[in-house]
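> Build me a structure from this.
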Amino acid sequence: MSTANYKKLDCPIAESLSVLGDQWTLLIIRDALMGVSSFSEFERRLGISKRLLSRRLTELVDHELLRRVPTKEGSTRMKYTPTHKARELAVVLSAFIVWGEKWYPGAGGERYTIQESETGEKVVPGMVVQRTNCVVALADCAFLPGPGYSAVPRA
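I've put the predicted structure just below:
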């Protein structure tokens with residue numbers, strides 16, 4: 001499905017996919033959140049062509065997920081830093097990590113763990129009641145249309 005078709009659907013998942021649905025996008029965000037900031041380091045870690053990487057980085061800057069900043073004052077060399085909008089994708093990436101490790105485990109064991117910075121305790125993503133901050137089992141959740149829902153695609 002093209003991003004134009006995604007945008008016709010009045011759905012937050014479809015709208016997110018229109019920005020994040022490319023196979024490289026979340027991997028670039030993953031690396032940026034892990035501290036990668038230079039074009040050459042993204043290229044080396046991902047094995048992606050310069051042309052495609054350049055296009056994806058430009059799109060991420062355009063969507064305000066990454067910010068291009070000089071490597072040092074007065075420099076023409078740029079680095080890419082994640083914005084708050086990108087950092088909020090950590091929850092999404094965490095869910096991918098847990099799901100991927102469960103259903104497609106690495107031969108050598110866990111490839112990623114998520115830990116609380118101060119204590120080192122393992123953290124897993126979960127469903128949380130917004131008002132109380134209490135964790136709820138997925139089986140106890142329902143996915144329902146909200147007041148802005150429309151089953152008819154946008155023109």
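> any low-confidence regions in this protein?
Counting by pLDDT under 70, the ranges of the chain that qualify are 1-4, 155.
> Let me see the contact set for the spatially closest residue to residue 26 that is not a sequence neighbour.
Using C-beta to C-beta, 6 or more residues apart in numbering and skipping the chain neighbours, the partner closest in space to residue 26 is residue 20 (6.1 Å). The C-beta positions use only the backbone N, C-alpha and C, and glycine is treated the same way. Each residue near residue 20 by C-beta atoms under 8 Å, 6 or more residues apart in numbering is listed here: 26, 29, 89.
> Now do the residue in the chain sticking out farthest from the centre against residue 110, distance only.
Distance from the C-alpha centroid of the chain peaks at residue 74, with 30.9 Å (C-alpha atoms, centre = their mean). As for residue 74, its distance to residue 110 is 43 Å (criterion: C-beta to C-beta, to the nearest Å).
> The closest residue to residue 150 other than its chain neighbours and residue 125: what is the separation?
Of all residues not flanking residue 150 in the chain, residue 10 sits nearest, at 4.8 Å (C-beta to C-beta, 6+ apart). The gap separating residue 10 from residue 125 is 26 Å, by C-beta to C-beta.
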